[in-house]
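J.: quick one, what's the 3D model for this:
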Amino acid sequence: MHKILDNLATHGIGEPGYLTGYSECKEGFIGDFRIVDVRTLVDGENSLFEYELNIIRVVSYLEIGEKVVICCRAGVSRSNAIALGVLVHYFKIEFGQALELITSKIPICDILPPHISALCKLLNVQSKIEV
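T.: The predicted structure follows:
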């Protein structure tokens with residue numbers, strides 16, 4: 001598990017790589033961090049609604065004081081993309097600074113360009129930032 005902040009982390013929870021619905025998402029905790037499983041996202045094009053829904057899932061736990069670990073299969077792209085959205089939306093960190101924070105805390109981070117593009121649209125970030 002890679003901590004970004006004291007109450008936000010990302011992690012890879014393994015196979016299967018993609019889930020067909022939220023009913024298949026892993027529930028529970030890793031240590032004292034609540035799991036938010038984002039394996040419903042694909043490593044390509046996703047609807048903006050899917051990003052927004054996953055960001056809201058994380059934010060809802062943060063708002064009630066829980067620590068959250070965002071999990072995809074490997075902890076490389078999808079989980080970090082949602083963490084980026086949470087840092088910008090909930091913690092009000094500027095997009096570029098949030099991306100720098102994630103990459104400094106998570107050495108395996110490699111958010112794929114389709115995720116960056118979608119988050120820029122969703123979060124109204126004017127310029128794309130390359131990773």
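
J.: so which residue is dead centre in this structure?
T.: Nearest to the geometric centre of the chain sits Ile82, at 2.1 Å (CA atoms, centre = their mean).

J.: which strands and helices sit next to the strand or helix carrying it?
T.: Secondary structure assignment for Ile82, by DSSP states H and E: helix 78-89. Using 3 or more CB pairs under 8 Å, 6 or more residues apart in numbering; DSSP states H and E, the elements in contact with helix 78-89 are strand 8-12, helix 48-63, strand 67-72, helix 95-105, helix 113-122. C-beta here means a position set from N, CA and C on the backbone, and glycine is covered the same way.

J.: to His89, which of these lies closest?
T.: helix 48-63 (5.6 Å; CB to CB).

J.: ok, back up a step: what sits against the residue nearest to the centre of the chain?
T.: The contact partners of Ile82, taken as CB atoms under 8 Å, 6 or more residues apart in numbering, are 36, 38, 41, 51, 54-55, 58, 70.

J.: and the helix holding Ile82 with strand 67-72, angle?
T.: Orientation check (axes from the mean of the first three to the mean of the last three CA atoms, to 10 degrees): helix 78-89 against strand 67-72 gives 140 degrees.

J.: okay, buried residues for helix 78-89 please.
T.: Within helix 78-89, the residues that qualify as buried are 78-89, counting by 16 or more other CB atoms under 10 Å.

J.: could you dump those residues to JSON lines with pLDDT and distance to Leu119?
T.: Converted to JSON lines, the buried residues of helix 78-89 look like this (pLDDT from 0 to 100; distance: CB to CB, whole Å):
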{"residue": "Arg78", "pLDDT": "97", "distance to Leu119": "12"}
{"residue": "Ser79", "pLDDT": "98", "distance to Leu119": "13"}
{"residue": "Asn80", "pLDDT": "98", "distance to Leu119": "11"}
{"residue": "Ala81", "pLDDT": "98", "distance to Leu119": "6"}
{"residue": "Ile82", "pLDDT": "98", "distance to Leu119": "9"}
{"residue": "Ala83", "pLDDT": "98", "distance to Leu119": "11"}
{"residue": "Leu84", "pLDDT": "98", "distance to Leu119": "6"}
{"residue": "Gly85", "pLDDT": "98", "distance to Leu119": "5"}
{"residue": "Val86", "pLDDT": "98", "distance to Leu119": "10"}
{"residue": "Leu87", "pLDDT": "98", "distance to Leu119": "10"}
{"residue": "Val88", "pLDDT": "98", "distance to Leu119": "8"}
{"residue": "His89", "pLDDT": "97", "distance to Leu119": "9"}
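
J.: I'm done for today, thanks for sticking with me.
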